[in-house]
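Enquirer: from the sequence below, what's the structure:
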Amino acid sequence: MDYSIRQDGILLSEADLDLAETLDCGQAFRWAEIPSDYECTFEGSFLNSPLRISQLKRGEFLLHGVSEADFLGKWLSYFDLETDYSELKRQFSEDETLSKACSFAGGIRLLRQDSWECLISFIISQNNNIPRIKGIIGRLCGSHGGLFPTAEELSAETPESLSYLRSGFRAKYICDAAERTASGRTELSAVAEMPIAEARKSLMEIKGVGPKVAECVLLYGMHRTDAFPVDVWIKRVLERYYPQGFPSFAAANAGIAQQYLFHYIRNLPGGTE
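Expert: Numbering: from 1, shown residues only. This next block holds a predicted model:
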């Protein structure tokens, strides 16, 4: 990774990043591609700080209007730019299927998201598709001046007062997560530091948080790279390619490996080779 400061923002060079593969793969829901003269441009936010970022060509990006201080203090971490993904992919490629997956979508990176926003986002994601998830989160932020509401703000809501979200059964789960987090019964910062089995158990005390949502919060919101969300696509991968179990050499970063596998299997014709 390298960067330089320009009058119009930060010019970033990073071979192991592709915006579409990273921002539109289902790990975050407040990014949208917008028309531009570049290869692609996305607008979104992190910690309620907006960002417009363009891919100028493969491996070269412009973070529009971003100062060096903001880049180093926020976006460097968010895009996980201090992790060597080339080395991770080299390690993963010891396995034939993972090697194919890394070659197929080698620009995926794991975003280091806010744990609270991630928790609510993946509660909303249950039995849902990405456009609808983005719509619900958009309505939620829209009712708070374009900002993602805090746990304290949401703790004052009821399922009835959240009816404008059109989130269905998920509204009561949002309310429980907000009340628990605002009251301190669930301290997300403490959960992030727990042994992973204990962290899973703590998260699943929140109504509506089952094994998959807990794994997603651990992986995407707490950067616990040994967390391993399993949905219908990953279940298919495990059954087809890893009937004897996932490779132990990749266990410490299984969540990152899962990102490559998810994108790979989902885009194969019929989900098979």
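Enquirer: check contacts around the closest residue to residue 267 other than its chain neighbours.
Expert: In this structure, residue 267 finds its nearest non-sequential neighbour in residue 104, 7.2 Å apart by C-beta to C-beta, 6 or more residues apart in numbering. For every residue, glycine as well, the C-beta is placed using N, CA and C. By C-beta atoms under 8 Å, 6 or more residues apart in numbering, residue 104 lies in contact with 260, 263-264, 267.
Enquirer: now residue 104. Its backbone dihedrals?
Expert: phi -70, psi -40 (degrees, to the nearest 10).
Enquirer: out of the contacts of residue 104, grab the one that's most surrounded.
Expert: Highest neighbour count within those: residue 260, with 25 neighbours (other C-beta atoms under 10 Å).
Enquirer: so that residue touches residue 99, yeah?
Expert: No - the pair residue 260 / residue 99 is not scored as a contact, 9.6 Å apart, by C-beta atoms under 8 Å.
Enquirer: so what sits against both of these two?
Expert: Counting by C-beta under 8 Å, 6+ apart, the residues touching both residue 260 and residue 99 are residue 92.
Enquirer: so which of the contacts of residue 104 sit within helices?
Expert: With helices taken from DSSP state H, the overlap with the contacts of residue 104 comprises 260, 263-264, 267.
Enquirer: can I see the domain layout of this structure?
Expert: With domains defined by automatic domain parsing, the chain comprises 2-82, 115-222.
Enquirer: reformat these as TSV; add distance to residue 250.
Expert: Formatted as TSV, the domains of the chain follow (distance: least, C-beta to C-beta, whole Å):
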stretch	distance to residue 250
domain 2-82	17
domain 115-222	14
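Enquirer: export these to a markdown table and tack on mean neighbour count?
Expert: Converted to a markdown table, the domains of the chain look like this (neighbours: other C-beta atoms under 10 Å):
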| stretch | mean neighbour count |
| --- | --- |
| domain 2-82 | 17 |
| domain 115-222 | 18 |
